[in-house]
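1. just to be clear, the model below is a prediction. Sequence and coordinates:
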Amino acid sequence: MGAVVADTHTVLWYLSGDGRLSNRARAAPRAATEAGEPIVVPSMCIAETTYLAEKGRISVTDLDDLFAVSQPDAGFVVAPFDLSIALARRRIPRGDVPDLPDRIIAATDLQLALPLVTRDARIQASGLPVIW
């Protein structure tokens, strides 16, 4: 298994060992790091996690854990939101994936041409290569 892109909930659940990850969703990031490949975290996941912590929907510890693994040499790589991602977002139909953060995460995956680890049913139905 090579590099994978991880959705927000995937990263948070992977870091916390949450049992809501499927066996495949738990194994894919582990296999990537064991192969020396990164777990790619779209920058939108950082923004979304910050927002969730501000609203009290996740703990600040979860946010701090994400910041810690987003540092160099931690096995995770943050994919910036840039023009190529913005243009790729236009290829994700709003009717398929209506939520803007999810469209940006899906567009990051589309642009990088890697499998996306997500349980999001709308992204799964969009035709992108998804692991769950």
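-> Ah, there it is.
2. low pLDDT regions in this protein?
-> 1, 72 (pLDDT under 70).
3. repeat that with 90
-> The model of the chain has pLDDT under 90 over residues 1-2, 59-75, 126-128.
4. which residues in it form helices?
-> For the chain, applying DSSP state H gives helices covering 8-16, 23-34, 43-54, 60-69, 83-89, 100-112, 121-125.
5. please report phi then psi for the residue found closest to Pro115 once you drop the neighbours it is linked to in the chain.
-> Closest residue to Pro115 in three dimensions, ignoring its sequence neighbours and counting by CB to CB, 6 or more residues apart in numbering: Pro129, at 4.5 Å. (Glycine included, C-beta is placed from N, CA and C.) When read as degrees, to the nearest 10, the backbone of Pro129 gives phi -70, psi 110.
6. how near is Pro129 to Gly56?
-> Taking CB to CB, to the nearest Å as the measure, Pro129 falls 34 Å from Gly56.
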